[in-house]
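# Output the structure for:
(one chain, ligands or ions: 3)
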Amino acid sequence: MSSDKLKPVFDKLFPQIDELKPDFINVLKQAVEIPAVSSDESLRPMVVKKAEFLADQLKSLGFHDIQLKELGTQPPPVTNPKLQLPPVVLSRYGNDSNKKTVLVYGHYDVQPAQMEDGWDTEPFELVVDEATQQLKGRGSTDDTGPLTGWLHIVRAHIEAGIEFPVNLITCFEGMEESGSLGLEELIGREATGYFKGVDAVCISDNYWLGTKKPVLTYGLRGCNYYQVTVSGPKADLHSGVFGGVIAEPMVDLMQILSSLVDSQGKILIKGIDEMVAPVTEKEHEIYKKIDFSLEELNEASGSNTALYKTKEDILMHRWRYPSLSVHGVEGAFYGQGAKTVIPAKVNGKFSIRTVPDMDSEKLTQLVVDHCNNAFKKLGSPNTCHAELIHDGAYWVSDPFNAQFTAASKATQVVYGVEPDLTREGGSIPITLTFEQQLKTSVLLLPMGRGDDGAHSINEKLDISNFINGIKLMGAYLHFYAASPEN
Ligand SMILES: C[C@H](N)C(=O)N[C@@H](Cc1c[nH]cn1)C(=O)O
Ligand SMILES: [Zn+2]
Ligand SMILES: [Zn+2]
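Ligands and ions are numbered 1, 2, ... in the order given. Down below sits the predicted model:
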């Protein structure tokens, strides 16, 4: 359908969204205040509380068949073997057999955040910064802001008296930041149940490449997350008494971790490069068209530490090559001051972003063998164990199908430009499962910008991205509803 035919709808809908801005920000504020950190076992009740908050919101908007689906206990490694996974929030808005059905996925869990990390404001308080016109707080862009956008677009239709163009199903999970544990099985179970008849899946959980140009995303890297544990003495020890006398786990761990990747970002584990799909001639054309620069990367990272200088190299290393990042060490001294301790047991955490055609199981075998060999070479009397914590698949799709066409038209209406077609360096582990189990296409429709600081300190969402992002969701649903194909 042409934009002209939908103009009367947008002329009513968009001013309504503008008018509801304070209410939308208020709902986001309440949601951000719940510290739903999925990786912190002690905060699991908060993750559940946020699911209940969302269920209440959905109920008040008239969503029906709202279900908090339990996923059972969290599999190891976990401290509390009885720890329950947070529920998946399923709900429906509309049930008209003449309309298409769109499933929207988002995650209500967030990454950890503490003032000590260097935040300027309390991470679990949404700060409306009038000077910068930004919303600041953990989850503002990843993914509480975009997730609540789906609720807001329903509210705007109700208030404006506009018929909602599709049947909507929500699938909001609370474990995305921790590997989407349990969700794959739920989708398998519900493919012919709750999710029967889904025509398309839309996910708003990634970011524009830069800060100015909207994008639609057709690819994600996967993520295999590992921990390597080195254990020695029974308890932490005094380094004056035992230093130089016993083998230190932390020293062993540092050597294992430094054998994984070099300072140029080259992965040193043998056999990985051979699994990566070769670069094609045609591929180079894709990078040329993308609006991005080294300067934008430097601005977003707040540094001049880029490993690559050209746009093509940067994009290829973000999108189509694997990377290995070392995240941290559990069990080691990390606070201020000068504690003279020898940690007894340390877990090094690292992950590998995966790309076509890497095989997750084969990769894990290579990683475990590499860590065991690196440890063996040390001749240490300590013990070492390397294991996979979770894995999530990479995903690449066709960016010219009916959903992408609808979203491209919507972007032109809302932002006045044709979006760039991008891939994402991050991961949304469940994307491929939706595509395969529901046999539908998946569209990634990002709301925030590349400099939003997701997973970092001072995470923000520009108010204009929040409001235009909600308009974009609405326009996409209208264009998709009117498109002749699925
Ligand atoms: C892109 C998305 N918003 C996100 O942040 N995903 C996480 C998913 C993940 C995988 N393992 C742990 N978390 C990410 O890319 O890190
Ligand atoms: Zn996310
Ligand atoms: Zn995230």
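
# The nearest residue to His455 once chain neighbours are set aside and Thr433, how far apart?
The shortest distance from His455 to any non-neighbouring residue, by C-beta to C-beta, 6 or more residues apart in numbering, is to Gln111 (4.8 Å). Using the backbone N, CA and C atoms, a C-beta is placed for each residue, glycine as well. Distance of Gln111 to Thr433, given as C-beta to C-beta, to the nearest Å: 22 Å.

# before we move on, what about Gln133?
Gln133 is 37 Å from Thr433, by C-beta to C-beta.

# wait, what's in contact with the spatially closest residue to Leu438 that is not a sequence neighbour?
Leaving aside its chain neighbours, Leu438 sits nearest to Val198 (5.1 Å; criterion: C-beta to C-beta, 6+ apart). Neighbour list for Val198: 101-103, 169, 438, 440 [criterion: C-beta atoms under 8 Å, 6 or more residues apart in numbering].

# which residue packs closest to the residue of the stretch 251-400 of the chain found nearest ligand 2, ignoring adjacent ones?
Residue nearest to ligand 2 within the stretch 251-400 of the chain (C-beta to the ion): Gly392, separated by 11.6 Å. In space, and not counting its chain neighbours, Gly392 is closest to Pro429: 2.5 Å by C-beta to C-beta, 6+ apart.

# Count the neighbours of the one you found for me.
As a burial measure, Pro429 scores 24 neighbours (other C-beta atoms under 10 Å).

# Check Val276 too.
Val276 has 15 nearby residues by other C-beta under 10 Å.

# Quick check on it: phi, psi?
phi -80, psi 130 (degrees, to the nearest 10).

# Contacts only, for the residue nearest to it when sequence neighbours are not counted.
Of all residues not flanking Val276 in the chain, Val355 sits nearest, at 6.1 Å (C-beta to C-beta, 6+ apart). With contacts defined as C-beta under 8 Å, 6+ apart, the neighbours of Val355 are 221-222, 276-277, 319-322, 394.

# same question, Ser39
111-112, 177-178.

# Return a ChimeraX selection command for the buried portion of those residues.
This is the ChimeraX syntax for the buried subset of those, where burial follows 16 or more other C-beta atoms under 10 Å:
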select :111,177,178
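
# So for stretch 370-390, mean pLDDT?
The pLDDT scores in stretch 370-390 average 98.

# from the chain's centre, how far out does it sit?
30 Å (C-alpha atoms, centre = their mean, to the nearest Å).

# Could you list the buried residues of it?
By neighbour count with 16+ other C-beta under 10 Å, stretch 370-390 contains the buried residues 370-371, 374-375, 378, 380, 382, 384, 386, 388-390.

# Which ones among the residues you listed map onto strands?
Among the buried residues of stretch 370-390, the residues falling in strands (DSSP state E) are 384, 386, 388-390.

# how about those residues in TSV, adding distance to ligand 1?
Shown next, in TSV, are those (distance: C-beta to the nearest ligand atom, whole Å):
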residue	distance to ligand 1
Cys384	23
Ala386	17
Leu388	11
Ile389	9
His390	6
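
# End to end on stretch 288-295, go ahead and measure it.
End-to-end distance for stretch 288-295: 16 Å, by C-alpha to C-alpha, to the nearest Å.

# got a list of contacts for that stretch?
Residues outside stretch 288-295 that contact it (C-beta under 8 Å, 6+ apart) are 209-210, 212-213, 306, 308-312, 314-315, 420, 422.

# Which of those residues fall in helices?
Assignment to helices by DSSP state H places the following of these there: 311-312, 314-315.

# just checking: which of the residues you listed also lie near ligand 1?
Among the ones in helices among the contacts of stretch 288-295, no residue sits close to ligand 1 (C-beta under 6 Å from any ligand atom).

# Pull out the buried members of these.
311, 314-315.

# check contacts around the closest residue to ligand 2 within the stretch 301-450 of the chain.
Residue nearest to ligand 2 within the stretch 301-450 of the chain: Ile428 (6.6 Å; C-beta to the ion). Ile428 makes contacts with 176, 203, 205-206, 220, 392, 395, 444, as judged by C-beta under 8 Å, 6+ apart.

# Apply 6 Å and report the result again.
Shown in contact with Ile428 (C-beta atoms under 6 Å, 6 or more residues apart in numbering): 205, 220.

# that older thread, could you turn the buried ones of the contacts of stretch 288-295 into a ChimeraX selection?
Under the burial definition 16+ other C-beta under 10 Å, those of those that qualify are selected in ChimeraX by:
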select :209,210,213,308,311,314,315,420,422
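
# nearest residue to the closest residue to ligand 1 within the chain other than its sequence neighbours?
Closest residue of the chain to ligand 1, C-beta to the nearest ligand atom: Gly426 (3.3 Å). Sequence neighbours aside, Asn206 is the residue nearest to Gly426 in space, at 6.3 Å (criterion: C-beta to C-beta, 6+ apart).

# Show me which parts of stretch 447-456 are buried, residue by residue.
In terms of neighbour count (16+ other C-beta under 10 Å), stretch 447-456 has its buried residues at 447-454, 456.

# Same check on stretch 34-42?
For stretch 34-42, burial by neighbour count (16+ other C-beta under 10 Å) applies to 34-38.

# coming back round to it: could I get the ones in helices among the contacts of stretch 288-295 as TSV with pLDDT?
Shown next, in TSV, are those (pLDDT from 0 to 100):
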residue	pLDDT
Lys311	97
Glu312	97
Ile314	98
Leu315	98
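
# would you turn the residues you listed into TSV with distance to ligand 2?
Below are the ones in helices among the contacts of stretch 288-295 laid out as TSV (distance: C-beta to the ion, whole Å):
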residue	distance to ligand 2
Lys311	25
Glu312	27
Ile314	22
Leu315	21
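
# Which two among the residues you listed are spaced furthest apart?
Maximum pairwise distance among the ones in helices among the contacts of stretch 288-295 (C-beta to C-beta): 7.4 Å, between Glu312 and Ile314.

# Among the contacts of Val198, which lie within strands?
Per DSSP E, the subset of the contacts of Val198 in strands is 101-103, 169.
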